[in-house]
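Novice: Just the structure for this:
(one chain, ligands or ions: 2)
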Amino acid sequence: MNKKRILILGSTGSIGRQSLEVLAQSEAFELAGIAAGSNAALLLAQCAAFSPRFAALSSPPEGFSPPKGLRMLLGEGALLEACEQDGIDCAIVAVVGAIGLRAVLRLLDRGIPVLLANKETLVAGGELVMRLAVERRVPLLPVDSEHSAIFQCLRGAEGNPPKTIWLTASGGPFRAWPKAQIEGATLEQALRHPNWSMGPKISIDSASMMNKALEIIEAKALFQVEPDQIEVLVHPESIVHSAVEFSDGSVLAQMGRPDMRLPIAYALSFPKRMPLPYPSLSLVEIGALHFERPDFERFPALRLAYRALEIGGVAPAALNAANEAAVELFIAGRIPFGEIARRVENALERVGRAELSLAHIELADAEARRLAMEPTGR
Ligand code: NDP
Ligand code: MG
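Specialist: Ligands and ions are numbered 1, 2, ... in the order given. Coordinates of the predicted model:
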């Protein structure tokens with residue numbers, strides 16, 4: 001049997017590590033290559049365990065010398081170089097941030113199917129990415145749990161279009177906090193997600209609900225619906241991963257334990273399902289599922305997603321870039337938590353309007369990052 005040769009971009013991160021765990025569950029896959037940013041120690045350990053043909057590091061530590069016998073791609077261009085290698089049947093894109101956009105476009109252009117965790121790429125360049133995937137007839141499968149859920153529900157729809165997508169959200173660690181307390185939340189508090197263990201950037205995005213804002217834009221791109229067809233539904237247990245309502249009022253939902261290995265495995269083995277040794281979902285143990293309306297007042301990021309879609313063009317790219325910059329400022333202790341959304345809003349409203357192209361996206365991205373450095377004075 002020919003094994004499916006997998007490339008993982010962002011192998012040292014939360015999704016990357018879980019992807020390797022899933023890969024190890026089946027004889028059907030082998031690791032073609034891996035790419036990461038700066039975590040050389042973990043990257044080399046992964047090479048020792050999985051023997052990929054190549055490994056890439058974008059920011060190798062000073063004095064780094066690759067071990068003999070391992071083909072290594074090093075430096076700023078390493079991520080894209082990894083996408084240029086031969087012998088790749090499928091790529092899991094799990095880097096964090098809009099740096100994934102060029103890589104995804106390159107992979108699709110080469111006809112390599114993409115399993116996409118990196119939502120910032122679809123926020124920044126969703127239309128370009130989807131257009132290319134259709135043009136080249138290359139599969140692009142969502143790994144983000146909500147979008148995997150929606151994708152699975154739509155598979156059961158026999159081509160009937162969705163009326164409304166119910167995008168579920170845990171509400172994050174500040175779901176029940178008053179506005180003033182959210183404003184001054186600490187980094188430690190923002191990193192403590194109730195249901196999921198994730199990388200730092202997405203954890204902070206979940207606390208501000210910017211993660212859900214990005215996911216609204218991601219859903220619009222993936223499923224080609226209108227913004228008013230996407231409704232956020234707060235669901236603190238994170239068991240219903242999203243749902244789709246049809247014109248007859250029937251609603252299909254996808255459920256599972258909050259465990260990213262499940263949507264990763266689904267995308268990897270699609271359209272088949274692979275057996276996994278993890279515990280079953282016990283609804284009896286959970287007992288009750290709860291649902292709430294989202295609060296746009298305490299979580300202004302949600303409002304900004306619809307605003308960015310209303311402006312269109314490069315606005316979503318600007319929203320994403322400003323958020324990436326503002327989250328870095330918050331992690332560095334330079335702005336309070338509540339300032340993140342204000343910086344994003346300020347950048348979103350001020351960034352130059354332009355039609356969609358890769359060049360315009362990259363210009364808007366750079367401009368929004370610069371605008372996000374400016375105090376909003378509130
Ligand atoms: P992490 O921060 O845990 O991992 C990020 C990965 O990206 C690391 O491997 C990092 O390498 C790599 N990376 C960063 N910059 C570069 C670069 N310039 N070149 C190459 N590699 C780079 O993030 P997560 O795994 O949590 O998230 C990854 C993506 O998946 C994000 O877009 C997130 O929104 C999305 N996602 C994550 C979920 C989760 O549960 N974690 C759920 C749904 C979506 P290094 O560490 O070596 O620097
Ligand atoms: Mg998600």
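Novice: gap between the residue nearest the centre of the chain and residue 166?
Specialist: Residue closest to the average C-alpha location in the chain (Cα atoms, centre = their mean): residue 119, at 3.0 Å. Distance of residue 119 to residue 166, computed by Cβ to Cβ, to the nearest Å: 18 Å. All C-beta atoms are positioned from the backbone trio N, CA, C, and that covers glycine.
Novice: wait, the residue nearest to the centre of the chain sits on residue 214?
Specialist: Yes - using Cβ atoms under 8 Å, residue 119 is in contact with residue 214, at 5.2 Å.
Novice: Excluding chain neighbours, what is closest to the residue of the chain found nearest ligand 1?
Specialist: Residue of the chain nearest ligand 1, by Cβ to the nearest ligand atom: residue 13 (1.9 Å). Distance criterion Cβ to Cβ, 6 or more residues apart in numbering; nearest residue to residue 13, sequence neighbours excluded, is residue 199 at 5.3 Å.
Novice: neighbours around that neighbour, how many?
Specialist: If you count neighbours by other Cβ atoms under 10 Å, residue 199 ends up with 16.
Novice: Could you list the low-confidence segments of the stretch 101-250 of the chain?
Specialist: Counting by pLDDT under 70, the stretch 101-250 of the chain contains no low-confidence range.
Novice: quick one, helices of it?
Specialist: In the stretch 101-250 of the chain, helices defined by DSSP state H, counting those that start in this stretch lie at 119-136, 145-155, 179-183, 187-191, 200-208, 210-223, listed in chain order.
Novice: okay, these, which one's buried deepest?
Specialist: Of all the helices of the stretch 101-250 of the chain, helix 210-223 carries the top mean neighbour count, a mean of 26, counting by mean count of other Cβ atoms under 10 Å.
Novice: wait, what's in contact with whatever residue of the chain ends up closest to ligand 2?
Specialist: Going by Cβ to the ion, ligand 2 is nearest to residue 144 of the chain, at 4.3 Å. If a contact means Cβ atoms under 8 Å, 6 or more residues apart in numbering, then residue 144 has 116, 117, 119, 215, 218, 263 as its contacts.
Novice: Strands along the chain, start to end?
Specialist: Taking DSSP state E, the strands of the chain run over residues 4-9, 29-36, 54-57, 71-74, 90-93, 114-116, 140-142, 164-169, 230-234, 240-245, 251-255.
Novice: now for the longest one, which elements pack on it?
Specialist: Translated: strand 29-36. Secondary-structure packing of strand 29-36 (3 or more Cβ pairs under 8 Å, 6 or more residues apart in numbering; DSSP states H and E): strand 4-9, helix 14-23, helix 40-50, strand 54-57, helix 78-83.
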